[in-house]
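Participant: Quick one: sequence and predicted model below, then my questions.
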Amino acid sequence: MDTIADQQPLITRWLDMLWAERGASEHTRAAYGRDLRAFTTFCEEQCGNGLLSIGRVQVQQYLASKHQSGSSARSTARALAALRSFYRYCLRQGLIQEDPVALIENPKLPKPLPKSLSEADVEALLEAPDTETAIGMRDRTMLELLYACGLRVTELVELTVSQVNLRQGVVRVFGKGSKERLVPMGEAAQEWMLRYLHSTRPQLLPPGNSDTCFPGRAGRPMTRQTFWYRIKHWSKVAGIEKPLSPHTLRHAFATHLLNHGADLRVVQLLLGHSDLSTTQIYTQVAKARLQALHRDHHPRG
């Protein structure tokens, strides 16, 4: 097998396997097919070898050539994933004795910047619920607390009244690994919580004792999925076109704190991150925001 035409039946069998055994989508199979044909061309032109005759050195040369030609790390990672899958298939079929990709590490991909909202977007979202209704008042209070404290959605929906200290203005949160942290609410969220707990929450609970802070149907704690639908609903009411989830407000909380000069380690503590490197992604968001402001408003931007 020396040409693409000669090797196409093998490539087709591998792509069929991806569909039959792994349920790979048409899009994935098309992309993997393009990657493998490009590698086949490289092997023919640069090495004079077919797919079943190459070694690890040829794979490394191909990846290096992709990098030199300006391919992104994500594109290179996908090409390597295609080769890894193909040669594992060939090894299982007994077509090769050694996998040329086995010892090659995946390229490090840049962490994607978390999607955030502008402060104007957040204000529009907070104003969206109709607070004349009990459900609207509950949702407004949840949104205020989510943004003011940077809570995870699970931390929010599982919150109990006993975790809220209105006198001190703090919320006692149990995060991942049951790690406890105290998060200040801020005056605005504290006022909404006071109004909600005293006037609205009793309307949403059936008779009997319950410590659930934000009840859903029949007084049971709200699920994460339910709140996800609630926040999607209010984002539509607010006219926000960006994709939105409860985690987006957590990102906004961290980004806006850094934009206003907060210390990174303080943000780490408020978010409940055990590792500072997890929090550092938000410095990139803040930096990108500052660069955009400079570009748009500075006379020499």
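Facilitator: Looks like it arrived, so ask away. Source: prediction; values computed, not measured. Numbers count the residues shown, from 1 in each chain.

Participant: What helix or strand is His67 located in?
Facilitator: According to DSSP states H and E, His67 maps onto helix 56-68.

Participant: Please disregard the earlier target; I meant Phe42.
Facilitator: Assessed by DSSP H and E, Phe42 sits inside helix 26-42.

Participant: Show me what that helix packs onto, helices and strands only.
Facilitator: With contacts taken as 3 or more C-beta pairs under 8 Å, 6 or more residues apart in numbering; DSSP states H and E, helix 26-42 sits against helix 4-22, helix 56-68, helix 73-92. C-beta here means a position set from N, CA and C on the backbone, and glycine is covered the same way.

Participant: mind giving me the domain ranges of the chain?
Facilitator: 4-92, 119-297 (automatic domain parsing).

Participant: Would you convert these into CSV that also reports mean neighbour count and mean pLDDT?
Facilitator: Output for those, formatted as CSV (neighbours: other C-beta atoms under 10 Å; pLDDT from 0 to 100):
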stretch, mean neighbour count, mean pLDDT
domain 4-92, 16, 86
domain 119-297, 16, 83
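
Participant: Could you dump these into JSON lines and include distance to Asp99?
Facilitator: Below are the domains of the chain laid out as JSON lines (distance: least, C-beta to C-beta, whole Å):
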{"stretch": "domain 4-92", "distance to Asp99": "5"}
{"stretch": "domain 119-297", "distance to Asp99": "33"}
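
Participant: I'd like to know which of these is closest to Lys108.
Facilitator: Nearest to Lys108 among the domains of the chain is domain 4-92 (6.9 Å), distances taken as C-beta to C-beta.

Participant: Apart from its chain neighbours, what residue comes closest to Gly186?
Facilitator: Ala148 (4.6 Å; C-beta to C-beta, 6 or more residues apart in numbering).

Participant: dump the residue contacts of that neighbour.
Facilitator: 185-186, 188-189, 253 (C-beta atoms under 8 Å, 6 or more residues apart in numbering).

Participant: give me that answer again for 7 Å
Facilitator: Contact analysis of Ala148 by C-beta atoms under 7 Å, 6 or more residues apart in numbering lists 185-186, 188-189.

Participant: All set, thanks.
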